[in-house]
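Visitor: just need the structure, nothing else, for what follows:
(one chain, ligands or ions: 2)
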Amino acid sequence: MQGPRPVVLSGPSGAGKSTLLKKLLKDYENIFGFSVSHTTRQPRPGEVNGKDYHFVTREEMQKEIDAGEFIEHAEFSGNMYGTSKGAVQAVQAQNQICVLDIDIQGVKNIKKTDLNPIYISVQPPSIEILEKRLRDRKTETEESLLKRLTAARVDLELSKEPGLFDLIIINDDLEKAYSELKEVLLEEIKKTQESRKS
Ligand SMILES: Nc1ncnc2c1ncn2[C@@H]1O[C@H](COP(=O)(O)OP(=O)(O)OP(=O)(O)O)[C@@H](O)[C@H]1O
Ligand SMILES: Nc1nc2c(ncn2[C@@H]2O[C@H](COP(=O)(O)O)[C@@H](O)[C@H]2O)c(=O)[nH]1
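Guide: Ligands and ions are numbered 1, 2, ... in the order given. Prediction:
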């Protein structure tokens, strides 16, 4: 595998992965690059096609999966999500640290590949706080919110598997969680910064 080691950010929906990721991409603009996933869910207000996700139909996505264009894919809360080979290659071509924001099924599938990322699970302090964050985000219907909470309980159980994650971050205080994230990535950040000088 060429270039710096990728990073997988996983954890329940609403735990704060995107919030942490946005801070990282802003503070280290040219060091990290986001792996833009495909999804069949509808865009949320403000989400940009090709930047936040590649928004596609189920038929389009299945066709590309069948053509072997995906590293991993999964069904989450009634929609398909997946990481294309192209999404990761686009970041690695810039010699950036590729960050994947994927669910726990994706983690298990990436483990079967030779991507060799650093695996991080971002978790909420409690299910009650997670529910409040998801409700306050105002992106979900009651039905999808309940589906996400059910998936969150499964995620939190499965993530206890020894060795599945290199680090579990409890995102209670955002700044503390962000410091923990930067700390575990420091070595890769330094290596990437050094490689830019040579
Ligand atoms: N430490 C925190 N304290 C309070 N609110 C937070 C904290 N971290 C994130 N949030 C808020 O919680 C909500 C969920 O965060 P975010 O969208 O980043 O979660 P996510 O894990 O990326 O979810 P999804 O997997 O659904 O994309 C957001 O409204 C965000 O502003
Ligand atoms: N297995 C994959 N999971 C993915 C991918 N992209 C996002 N996700 C996960 O889906 C849920 C829901 O995301 P949302 O944007 O609808 O809130 C979340 O847990 C993401 O981590 C992917 O390519 N593969």
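
Visitor: any weak-confidence spans in the chain?
Guide: For the chain, applying pLDDT under 70 flags the ranges 1-2.

Visitor: immediately after the host helix or strand of residue 150, which helix or strand?
Guide: Per DSSP states H and E, residue 150 falls inside helix 142-158. Going down the chain from helix 142-158, the next helix or strand is strand 167-170, by DSSP H and E.

Visitor: give me the helices and strands touching that following strand, please.
Guide: Judged by 3 or more Cβ pairs under 8 Å, 6 or more residues apart in numbering; DSSP states H and E, strand 167-170 is in contact with strand 118-123, helix 174-197. C-betas here are computed from N, CA, C, even on glycine.

Visitor: in which helix or strand would I find residue 20?
Guide: Element membership for residue 20, per DSSP H and E: helix 17-27.

Visitor: show residues contacting that helix.
Guide: Here helix 17-27 makes contact (Cβ atoms under 8 Å, 6 or more residues apart in numbering) with 9-11, 32, 34, 99, 101, 122, 169, 171, 174, 177-178, 181-182, 185.

Visitor: do the helix or strand that comes right after it and ligand 1 meet at all?
Guide: Going down the chain from helix 17-27, the next helix or strand is strand 32-34, by DSSP H and E. No - with Cβ under 6 Å from any ligand atom as the criterion, ligand 1 is not reached by strand 32-34; the gap is at least 12.1 Å.

Visitor: and the helix or strand just after strand 32-34, which strands flank it?
Guide: Sequence-wise, the next helix or strand downstream of strand 32-34 (DSSP H and E) is strand 38-39. According to DSSP bridges, strand 38-39 forms sheet pairs with strand 54-55 (parallel), strand 79-84 (antiparallel).

Visitor: those residues of this protein touching ligand 1, which are they?
Guide: Residues of the chain lying near ligand 1 by Cβ under 6 Å from any ligand atom: 13-19, 133, 136-137, 171, 174.

Visitor: so how do I select the buried members of these in ChimeraX?
Guide: Those of the residues of the chain next to ligand 1 that count as buried under 16 or more other Cβ atoms under 10 Å are selected in ChimeraX with:
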select :13,14,15,16,17,18,19,133,171
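
Visitor: quick one on the thing from earlier: and the helix holding residue 150, which residues are buried?
Guide: For helix 142-158, by 16+ other Cβ under 10 Å, it's 144-145, 147-149, 151-152, 155-156.

Visitor: over to stretch 61-77?
Guide: The neighbour-count check on stretch 61-77 (16+ other Cβ under 10 Å) flags 61, 64-65, 69-74, 76-77 as buried.

Visitor: stretch 83-98 now?
Guide: 83-84, 87-88, 90-92, 96-98.

Visitor: what about the one residue in the chain that gets nearest to ligand 2, helix or strand, and which?
Guide: Distance from ligand 2 to each residue of the chain (Cβ to the nearest ligand atom) is smallest for residue 106, at 2.6 Å. Here residue 106 sits within helix 104-110, counting by DSSP H and E.
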